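Chemist: Structure of the sequence below:
(one chain, ligands or ions: 1)
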Amino acid sequence: MAKWERRGLQNLYRVGSIPTQCSIINIIMNEDIRTYISLLETKKEEVKLNPLPYKMDALAPILSKENVEYHYSVLSRGYVDRYNKKEGDPAFNLGGAKLHNLWWEQLKPIGGTNSPAGPIQELIAKHYNNSLGLVDAMIEEAMTIQGSGWVYLTKSGIVKTTANQTFKTDILLHIDMWEHSFMDYMPSKDAKKKYIRSIMKIIDWDVINKRL
Ligand SMILES: [Fe+2]
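Modeler: Okay, here's the model as predicted:
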């Protein structure tokens, strides 16, 4: 095991993701460990920050130009660069890189009616009646996040959360619930709710359908 891999595992123990006294079976069953091992399997992969598929100001007024510039050029690039340079926790940085590449890809400038269609519309209708029902479910689940994380719709139609930058392979559509992402909506009392409702207006449903 390489030094940086050991350091990642030590970090998981340090932050309490893994109970230090648990049995080896519990360790094997621990979701964080499974996620971490799957990430290690891709350790030779050079991660790239995908090009932004629109201009920095194209998501305004849902996300300001300043928000997108900082979030994409500084934060998203930071996860990628630190992972490739083997700085910090590799699981955290690789997770952050993958989550943010998916995040920017699934958004598009606001305009016209933007309703889900095709397979994603069928999935939403089956589980949430309509897209408004999905938005309510995303908001309800997002409110359970302690600290930072993401709320997401799985490919089987369930709304879940994932903490920090923990990547999940079943993500279909996700919303960044780190404060840096919804700073445009601060300090409103209902900042998170307004932000989620707004983001759902600029989801590129064609991208989501390709993930199904
Ligand atoms: Fe983010």
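Chemist: check which helix or strand covers the residue lying closest to residue 205 once chain neighbours are set aside.
Modeler: Nearest residue to residue 205, sequence neighbours excluded (CB to CB, 6 or more residues apart in numbering): residue 116, at 4.6 Å. C-beta coordinates here come from the backbone N, C-alpha and C atoms, glycine included. Using DSSP states H and E, residue 116 maps to neither a helix nor a strand.
Chemist: Could you double-check that residue 116 sits in contact with residue 131?
Modeler: Yes - Residue 116 is in contact with residue 131 according to CB atoms under 8 Å; the separation is 5.6 Å.
Chemist: Find residues that contact each of these two.
Modeler: Common contacts of residue 116 and residue 131 (CB atoms under 8 Å, 6 or more residues apart in numbering): residue 124.
Chemist: is any part of stretch 167-174 close to the ion?
Modeler: No - Stretch 167-174 stays clear of the ion (CB under 5 Å from the ion), getting no nearer than 10.5 Å.
Chemist: With stretch 142-153 instead?
Modeler: No - taking CB under 5 Å from the ion as the criterion, stretch 142-153 and the ion are apart, separated by no less than 8.4 Å.
Chemist: avg pLDDT for that stretch?
Modeler: What stretch 142-153 shows for mean pLDDT is 97.
Chemist: Which strands or helices does the biggest helix by length in the chain pack on?
Modeler: Determined from DSSP state H, the single longest helix within the chain is helix 90-105. When contacts are defined as 3 or more CB pairs under 8 Å, 6 or more residues apart in numbering; DSSP states H and E, helix 90-105 sits against helix 3-14, helix 31-40, helix 77-84, strand 171-176.
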